[in-house]
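Q: Next come a sequence and a model predicted from it.
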Amino acid sequence: MKLHFIAIGGSAMHNMAIALHKKGYHISGSDDEIFEPSKGRLKKYGLLPENIGWDTSKITNDIDAVILGMHARIDNPELVKAKELGIKIFSYPEYLFEQSKNKKRVVIGGSHGKTTITSMILHVLNYYDINCDYMVGAQLEGFEVMVKLTDDADIIIIEGDEYLTSQIDRRPKFHLYNPHIALISGIAWDHINVFPTFDNYIDQFKIFTDVIEDGGSLIYCKDDKEVEKISRKVKNSIEIISYSLPDFEVKNSITSIIYDGKKYPLQVFGKHNLLNINGAGFVCNKLGIESCDFFKAISNFKGASNRLELISKDETSNIYKDFAHSPSKLNATINAVNEQFPNRKLVACMELHTFSSLNSKFLNLYKNCMDSADISVVYFNSHTIELKKLPPLSIKKVKQAFNNSDLKVYTDSKILTEDLLKLNMENTNLLLMSSGNFDGIDFKKFAKKMLEKKNSSKK
């Protein structure tokens with residue numbers, strides 16, 4: 001099988017290219033920009049294009065199919081030529097389904113938690129040496145790549161993103177997977193550039209439940225009122241399973257789940273992660289894993305990359321980074337750190353980086369969402385707003401939207417880091433939240449510098 005990837009440098013695209021290369025397929029690809037870690041991984045497997053840019057000479061009649069990434073525009077020259085030659089064109093979600101037609105498909109959906117829940121399921125299956133294919137949106141400890149596709153696995157675990165499939169297919173990705181087991185963690189409006197109203201956004205999850213295979217299962221968080229409403233309208237052939245918070249305790253900054261009279265100490269924390277664990281547990285139950293065995297395995301789960309990830313720590317301070325960027329995610333992450341460390345102060349710093357968060361219409365949804373932090377900081381870059389072709393934002397507008405008179409707002413990342421380094425971090429945690437990187441901050445180096453400065457000031 002000979003496949004060509006248009007926009008091979010994408011996060012999901014390069015991982016799928018590697019997975020199919022390992023399966024024995026002949027892979028070629030192009031992109032107009034490729035960054036790390038995609039670049040290094042593609043190079044390792046001999047898949048890195050010799051030249052950056054689009055090259056129509058790569059589109060030949062002997063190609064069996066073209067895989068089209070979301071980054072590629074509708075007038076992409078390679079795409080145009082592939083159409084002219086009549087080559088079959090798939091988006092990566094379409095081809096993922098193509099590769100999993102004969103497998104039991106587990107699809108994890110929701111506005112938040114889907115990466116973590118998918119990661120938890122994979123961790124437990126790996127713990128018990130249960131073979132499965134997968135596609136997940138984060139790098140996991142013990143997993144080399146984020147996509148695995150084989151002929152011998154009977155199960156595939158898929159993170160079901162609600163964003164669009166490609167420039168020529170405007171369906172949300174998770175509409176294409178037809179799951180046997182589906183999970184919805186919760187619904188909070190996102191992707192305002194694609195789903196202009198909350199009702200329109202909710203409709204995508206209704207469609208997701210409609211494509212569950214007859215005789216399949218829907219597992220959902222009953223604490224979310226929108227998901228609860230959707231669950232009531234699922235077709236009769238689908239099994240409905242709801243979940244909520246498990247019994248737990250937080251003692252000496254360690255969270256433990258209590259199940260059947262036994263305590264299972266965790267390496268992750270926060271009510272949102274406890275909900276994620278219960279959702280993942282019900283999926284694993286459907287895959288034949290008993291609850292006690294699930295909790296034993298999940299005790300060793302350290303979390304997915306960039307999801308409340310501990311960067312550095314000392315005796316009285318922890319520094320975390322998190323992918324949180326929407327109002328509901330900010331709330332959940334800030335509350336999690338406060339509940340885990342009730343006797344420490346919290347500095348919460350977030351970057352407005354996504355299209356939705358930088359949109360003045362959406363911005364007002366952030367009202368009071370950072371109030372429970374002792375120091376709240378918001379950063380945005382005017383150049384990022386220009387690139388997204390959005391109207392300019394002002395510091396005043398951001399402060400009004402967050403409805404927090406003590407909120408500190410920055411538009412220069414250098415000044416931001418300088419001011420953070422001046423803070424007294426004794427008995428204080430720092431939480432850095434963004435889907436970006438605050439315009440080039442090296443999180444590990446910065447965290448190390450912050451703790452070194454803190455400790456040197458005590459001498």
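A: Nice, I can see it.
Q: Check which helix or strand the residue nearest the centre of the chain maps to.
A: The centroid of the chain falls nearest to T115 when counting by C-alpha atoms, centre = their mean (4.5 Å). Following DSSP states H and E, one finds T115 within helix 114-127.
Q: just to revisit the earlier point, right, and the residue nearest to the centre of the chain touches G160 too?
A: No - here T115 lies out of contact with G160, judged by C-beta atoms under 8 Å, at a distance of 10.6 Å. (Each C-beta comes from the backbone N, C-alpha and C, glycine too.)
Q: Now for the residue lying closest to E141 once chain neighbours are set aside: which residues touch it?
A: Leaving aside its sequence neighbours, E141 sits nearest to K302 (C-beta to C-beta, 6 or more residues apart in numbering; 6.0 Å). By C-beta atoms under 8 Å, 6 or more residues apart in numbering, the contact set of K302 is 141, 267-268.
Q: how much space between K302 and Q267?
A: 5 Å (C-beta to C-beta, to the nearest Å).
Q: One more: G110?
A: According to C-beta to C-beta, G110 stands 22 Å off from Q267.
Q: next one: N437
A: 24 Å.
Q: And M13, by the same measure?
A: Noted for M13: a distance of 31 Å to Q267, by C-beta to C-beta.
Q: just F341 next, same as before
A: Relative to Q267, and taking C-beta to C-beta, F341 is found at 15 Å.
Q: who's more crowded, those two?
A: A count of neighbours by other C-beta atoms under 10 Å puts F341 above the other of F341 and Q267, at 19 against 14.
Q: quick one: contacts for that one?
A: So, once contact is read as C-beta under 8 Å, 6+ apart, F341 ends up touching 253, 318, 429.
Q: From these, list just the buried residues.
A: The neighbour-count test (16 or more other C-beta atoms under 10 Å) applied to those identifies 318, 429 as buried.
Q: Narrow the contacts of F341 to those in strands?
A: 318, 429 (DSSP state E).
Q: and L3, what element?
A: For L3, the host element (DSSP H and E) is strand 2-6.
Q: Quick check: buried residues in that strand?
A: Quick answer for strand 2-6 (16+ other C-beta under 10 Å): 3-6.
Q: and it, C-alpha only, in CSV?
A: Only the C-alpha atoms of strand 2-6 are listed here, as CSV (Å, rounded to 0.1, in the frame of the first residue of the first chain):
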residue,chain,number,x,y,z
LYS,A,2,1.4,3.4,-1.0
LEU,A,3,0.1,6.5,0.8
HIS,A,4,0.9,10.1,0.6
PHE,A,5,0.3,12.5,3.5
ILE,A,6,-0.5,16.1,2.6
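Q: who does it touch, helix- and strand-wise?
A: helix 11-22, strand 26-30, strand 65-68, helix 77-84 (3 or more C-beta pairs under 8 Å, 6 or more residues apart in numbering; DSSP states H and E).
Q: Let me know which of the ones you listed is the nearest to N424.
A: Closest approach to N424 among those (C-beta to C-beta): helix 11-22, 37.7 Å.
Q: Show the contacting residues for the residue lying closest to A82 once chain neighbours are set aside.
A: Closest residue in space to A82, ignoring its immediate chain neighbours: V66 at 4.6 Å, by C-beta to C-beta, 6+ apart. Contact analysis of V66 by C-beta under 8 Å, 6+ apart lists 3-6, 59, 78-79, 82, 87-90.
Q: Redo these as JSON lines? Include distance to F380.
A: Conversion of the contacts of V66 to JSON lines gives the following (distance: C-beta to C-beta, whole Å):
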{"residue": "L3", "distance to F380": "39"}
{"residue": "H4", "distance to F380": "38"}
{"residue": "F5", "distance to F380": "33"}
{"residue": "I6", "distance to F380": "32"}
{"residue": "I59", "distance to F380": "40"}
{"residue": "E78", "distance to F380": "35"}
{"residue": "L79", "distance to F380": "33"}
{"residue": "A82", "distance to F380": "39"}
{"residue": "I87", "distance to F380": "42"}
{"residue": "K88", "distance to F380": "42"}
{"residue": "I89", "distance to F380": "37"}
{"residue": "F90", "distance to F380": "36"}
